[in-house]
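Asker: Okay, here's the prediction I keep looking at, along with the sequence it came from:
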Amino acid sequence: MNEKGKKSLVSEILTVDDLFTTQEQRDDKKREKVMDIDLSMIDDFPNHPFKVLENEDFRKLSESISESGVLVPTLVRPKPDGRYEMVSGHRRKKASEYAGRETLPCIVRELTDDEATIIMVDSNLHREKILPSEKAYAYKMKLEALKHQGIRSDLTSDQVGQKLSSRDLIAEGAEDSSTQIQRYIRLTNLISELLEMVDNDVLGEKPSIAFNPAVALSFLTEEQQYMLYECIDYLDATPSLSQAQRMKKLSEEGRLDDGMIEDILGEEKANQVPKIRFNESRIRKVLPKSIDNEHIEDFVIKSIEYYSKYLKQRENGAR
């Protein structure tokens, strides 16, 4: 049979098929279905920027899944090797694993890399609590996806940006303005050690760096950021906004070195609680040689406690 005959036969078959199925049946065939997929067959989204914290809310979700199952299906896309890639539902997947479930209800959808990235970001940005590092990398990933789709994107490294179409598109439906989104993306220029301190500011942990100083510090070179990190550890102090802005200016002028960073960071801030400083060489002279560095603090505290008791007893005996 020639090519023309084959096409004619296919056309007739399709026509006959149409005669024996309703439009509703054909539409239903194309409609997305919820499938129970083995958890071991679902891979996480590459470079997923959102952390799954095993906090009280997570434990409650796991308990709920253990009792009632996953009520809202997750979204996955098929991979060429027959496995699946999670797009939306990483928290439900991990909670299901903790609950001892073997399968997960999923909607399977064919998506390009960029489509999957945009959905992954958008579905997570409405969570109640999002860390600065999560927002920073999520916004950056969505920006790159929009660029790949051919949407104009000329975000610069300036803190105060011009009107940019891609940034405005990212801001649609987000709680942050387009300018604030650009500032979040700046945080991806921080070394991981400093970015963790920005997250600590939200979590109420120490050491912490506030958002605005962090944006200014993101303009420092990687080498300068590591110098700053060492000074933070040594001086037990983090930069204020004015200090961070001065470091940024000195960095842009090519004049910022470790000495300047230490001088700026060592300045006493107006609202800073005065720190007690000790002469290390004097303390080491009276320490037993058997005390290693890890146990010096415990030894000093216990020594002060014993001496305080001695002073109190002596005071009571003198009365």
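Answerer: That came in fine, so what should we check first? Residues are numbered from 1 along each chain as shown.
Asker: sec struct for the residue nearest to residue 73 when sequence neighbours are not counted, please.
Answerer: Spatial nearest neighbour of residue 73, chain neighbours left out: residue 105 (4.3 Å); criterion: C-beta to C-beta, 6 or more residues apart in numbering. For every residue, glycine as well, the C-beta is placed using N, CA and C. In three-state terms, and counting by DSSP: H, G, I helix; E, B strand; the rest coil, residue 105 is strand.
Asker: contacting residues for residue 105?
Answerer: By C-beta atoms under 8 Å, 6 or more residues apart in numbering, residue 105 lies in contact with 34, 35, 36, 69, 70, 73, 74.
Asker: I figured the fifth one hits residue 104, correct?
Answerer: Yes - the pair formed by residue 70 and residue 104 meets the contact definition of C-beta atoms under 8 Å, at 6.2 Å.
Asker: Overlap in contacts, the two.
Answerer: Common neighbours of residue 70 and residue 104 (C-beta under 8 Å, 6+ apart) are 92, 96.
Asker: Which one's more surrounded, these two?
Answerer: Shown here are residue 70 and residue 104; by other C-beta atoms under 10 Å, residue 104 has more neighbours (26 against 21).
Asker: per-residue confidence at that one?
Answerer: Residue 104 is assigned 95 on the pLDDT scale.
Asker: what is residue 38 paired to in the beta sheet?
Answerer: Taking DSSP bridges, one finds residue 103 as the beta-bridge partners of residue 38.
Asker: Alpha carbons of the biggest helix by length in the chain, in PDB - could you do that?
Answerer: Using DSSP state H, we find that the single longest helix of the chain is helix 296-317. Written as PDB, here are the backbone C-alpha positions of helix 296-317 (Å, rounded to 0.1, in the frame of the first residue of the first chain):
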ATOM      1  CA  ILE A 296      38.200  25.700  79.200                       C
ATOM      2  CA  GLU A 297      34.800  27.400  79.400                       C
ATOM      3  CA  ASP A 298      33.300  24.700  81.700                       C
ATOM      4  CA  PHE A 299      36.400  24.800  83.900                       C
ATOM      5  CA  VAL A 300      36.300  28.600  84.200                       C
ATOM      6  CA  ILE A 301      32.500  28.700  85.000                       C
ATOM      7  CA  LYS A 302      32.800  26.000  87.700                       C
ATOM      8  CA  SER A 303      35.800  27.800  89.200                       C
ATOM      9  CA  ILE A 304      33.800  31.000  89.400                       C
ATOM     10  CA  GLU A 305      30.900  29.100  91.000                       C
ATOM     11  CA  TYR A 306      33.200  27.600  93.600                       C
ATOM     12  CA  TYR A 307      34.900  30.900  94.300                       C
ATOM     13  CA  SER A 308      31.500  32.700  94.700                       C
ATOM     14  CA  LYS A 309      30.400  30.100  97.200                       C
ATOM     15  CA  TYR A 310      33.700  30.600  99.100                       C
ATOM     16  CA  LEU A 311      33.200  34.400  99.200                       C
ATOM     17  CA  LYS A 312      29.600  33.900 100.500                       C
ATOM     18  CA  GLN A 313      30.600  31.500 103.200                       C
ATOM     19  CA  ARG A 314      33.400  33.800 104.300                       C
ATOM     20  CA  GLU A 315      31.000  36.700 104.400                       C
ATOM     21  CA  ASN A 316      28.500  34.800 106.500                       C
ATOM     22  CA  GLY A 317      31.300  33.600 108.800                       C
END
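Asker: Tell me which residues are up against it.
Answerer: So helix 296-317 is contacted by 283, 287, 288, 291 (C-beta under 8 Å, 6+ apart).
Asker: Report the contact partners of residue 133.
Answerer: So residue 133 contacts 49, 187, 195, 196, 198, 199 (C-beta under 8 Å, 6+ apart).
Asker: Let me have the residues you listed in a markdown table, extended by secondary structure, neighbour count and pLDDT.
Answerer: Below are the contacts of residue 133 laid out as a markdown table (DSSP: H, G, I helix; E, B strand; the rest coil; neighbours: other C-beta atoms under 10 Å; pLDDT from 0 to 100):
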| residue | secondary structure | neighbour count | pLDDT |
| --- | --- | --- | --- |
| 49 | coil | 20 | 90 |
| 187 | helix | 23 | 97 |
| 195 | helix | 23 | 97 |
| 196 | helix | 17 | 96 |
| 198 | helix | 23 | 97 |
| 199 | helix | 19 | 95 |
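Asker: just for the chain, where's the confidence low?
Answerer: 1-31, 149-174, 269-281, 317-319 (pLDDT under 70).
Asker: Return the backbone torsion pair for the residue nearest in space to the middle of it.
Answerer: The residue lying closest to the centre of the chain (C-alpha atoms, centre = their mean) is residue 134, at 2.6 Å. For residue 134, the backbone dihedrals (degrees, to the nearest 10) come out as phi -70, psi -50.
Asker: what sits against the nearest residue to residue 217 once chain neighbours are set aside?
Answerer: Closest residue in space to residue 217, ignoring its immediate chain neighbours: residue 244 at 5.1 Å, by C-beta to C-beta, 6+ apart. Neighbouring residues of residue 244 by C-beta under 8 Å, 6+ apart: 212, 213, 214, 216, 217.
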